[in-house]
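>>> Quick one: sequence plus predicted model below, questions after.
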Amino acid sequence: MPVRAMWKGVIHFDAIRVPVKLYGAIEDRNVHFRLLHRQDLEPVHQHLVNPETDEVVPNEETRRAYITESGDRVLLNPAELKSLEPEPSRDIEIIGFLPPHRIDHRWYDRPYYLGPDEDGAEFFALADALEAMQVEGLARWVMRNKSYVGALQLYQGYPMLMSLHHSEEVIAVETLAPPTGPPLDQRELGMARQLIEMLEAEFQPQEYHDEFRERVLEMLAAKERGKPLRQPVPQPGDQGMDIGQALEVSLQQVRKSA
């Protein structure tokens, strides 16, 4: 089934304008459940309830408010919030270009694939220019009443937009206490280096799955067929080992598996 575009925009910088379509690069694959009434197994619905009277409150009788730290309630109406939304636009403005990998991964939020809209000549020219110049663009745009900042990148020759977190969302590493503890001695450091070298590997994303989701789907299929469920056996953990002993055990296990 072909992926459908979720939004259309125009990348622009100076006199260059490139019409594009945005496609979601990730999708929600979580298992979703319904709440049922225990007696007749019919789906139940959620309602807004006044905690003082236990009466159901219709949505049209609700008001939106912000509760301050002191407990005050600041009332808002939809028109006030609507007036604060950014102006609708299809422009994806390129603020500037950066060397690749200049933005560290803490800032990355959500990836989007880009595809050509209308005539694709400008789109493929943009991809060729990003490849030849080895740069990524810093972009900003408005999509569905929300402002975004992002990085225009190439992935295996395909242009992508990677939305970024805003500065107030990213916690500075300086706020964390630095790791402390006794340093490794030369023997422990040698074993650690040896273990790291033995565990060198390529990243193969197809090998990593949501194991909890797979177990849930397996359980649902077994229950649907009326088969007994297999209970996982908990694995005992190693207790009371120091770092040197733990490194020795790890090296032995890696040698056995090799």
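Sure thing, it's come through.

>>> In the stretch 151-258 of the chain, where is pLDDT below threshold?
Applying pLDDT under 70 to the stretch 151-258 of the chain picks out residues 229-241, 258.

>>> now the helices: where do they sit in it?
186-198, 211-225, 243-257 (DSSP state H, counting those that start in this stretch).

>>> okay, those helices in a markdown table with distance to residue 160 next?
For every residue, glycine as well, the C-beta is placed using N, CA and C. Putting the helices of the stretch 151-258 of the chain into a markdown table (distance: least, Cβ to Cβ, whole Å) gives the following:
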| stretch | distance to residue 160 |
| --- | --- |
| helix 186-198 | 31 |
| helix 211-225 | 25 |
| helix 243-257 | 36 |
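
>>> of those helices, which approaches residue 147 most closely?
Among those, helix 211-225 comes nearest to residue 147, with 32.7 Å by Cβ to Cβ.

>>> and this protein, what are its domains?
7-28+85-169, 186-234+241-257 (automatic domain parsing).

>>> Bridged to the closest residue to residue 136 other than its chain neighbours, which residues?
With Cβ to Cβ, 6 or more residues apart in numbering as the criterion, residue 136 has its nearest non-adjacent residue at 4.6 Å, and that residue is residue 153. Note on residue 153: beta-bridge partners by DSSP bridges are residue 160.

>>> neighbours around residue 153, how many?
Counted with other Cβ atoms under 10 Å, residues neighbouring residue 153 total 19.

>>> picking up where we left off before, which one of the domains of the chain is the most hemmed in?
For the domains of the chain, average neighbour numbers computed from mean count of other Cβ atoms under 10 Å are highest in domain 7-28+85-169, which has a mean of 15.
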